[in-house]
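S.K.: no FASTA, just this:
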């Protein structure tokens, strides 16, 4: 999970973590196996070592941001852990870079351009009604559920 302060486990949670927890709990799965690292690829690489040390039986991981997932996949590769054969990886953001990891990264994409347009419109005095922006699941090889291409 991305954090500005990974050393503070009581840090307020964001919507990504709440959604992850809610989804696991709705399926009767534990939601207490968390690795907190700094946002970014370096944090993701660090998370690989922590994940393997603390949860050696983990077979799937959801990462808060694509940049972290990119670092996580690199760290798992360096540790000799195969993605997705040994551990599946999925992330959140939908960044263009996600298509270029090996294996390519499954991600929940957010419509950044539409969100930016709405924000600019609000700043320019065109207040919008409360808006929700839908995510789109982009299934690629890192989850182990996409056909090899």
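M.R.: Now that the structure is in, tell me what you want to look at. The model shown is predicted, which means the values in this text are computed figures rather than measured ones.
S.K.: hmm, who's touching stretch 44-63?
M.R.: The contact list for stretch 44-63 (Cβ atoms under 8 Å, 6 or more residues apart in numbering) reads 20, 33, 35, 37-38, 67-76, 78-79, 81, 86-92, 143. C-beta coordinates here come from the backbone N, C-alpha and C atoms, glycine included.
S.K.: mind listing the helices for the chain?
M.R.: For the chain, the helices defined by DSSP state H occupy 15-26, 41-54, 66-78, 112-123.
S.K.: out of those helices, flag the one nearest residue 97.
M.R.: When the helices of the chain are compared by Cβ to Cβ, helix 66-78 sits nearest residue 97, at 6.2 Å.
S.K.: what is the mean pLDDT for the closest one?
M.R.: For helix 66-78, the mean pLDDT works out to 96.
S.K.: output the lowest mean pLDDT helix or strand found in this protein.
M.R.: Within the chain, judged by mean pLDDT, DSSP states H and E, the helix or strand with the poorest mean is strand 2-3; its value is a mean of 61.
S.K.: one step back: in CSV: the helices of the chain, plus mean neighbour count and distance to residue 101.
M.R.: What follows is the helices of the chain, written out as CSV (neighbours: other Cβ atoms under 10 Å; distance: least, Cβ to Cβ, whole Å):
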stretch, mean neighbour count, distance to residue 101
helix 15-26, 14, 19
helix 41-54, 19, 10
helix 66-78, 23, 5
helix 112-123, 11, 19
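S.K.: quick one: the longest strand seen in the chain to helix 66-78, angle?
M.R.: For the chain, the longest strand by residue count, based on DSSP state E, is strand 88-93. Using axes from the mean of the first three to the mean of the last three Cα atoms, to 10 degrees, the inter-axis angle of strand 88-93 relative to helix 66-78 is 160 degrees.
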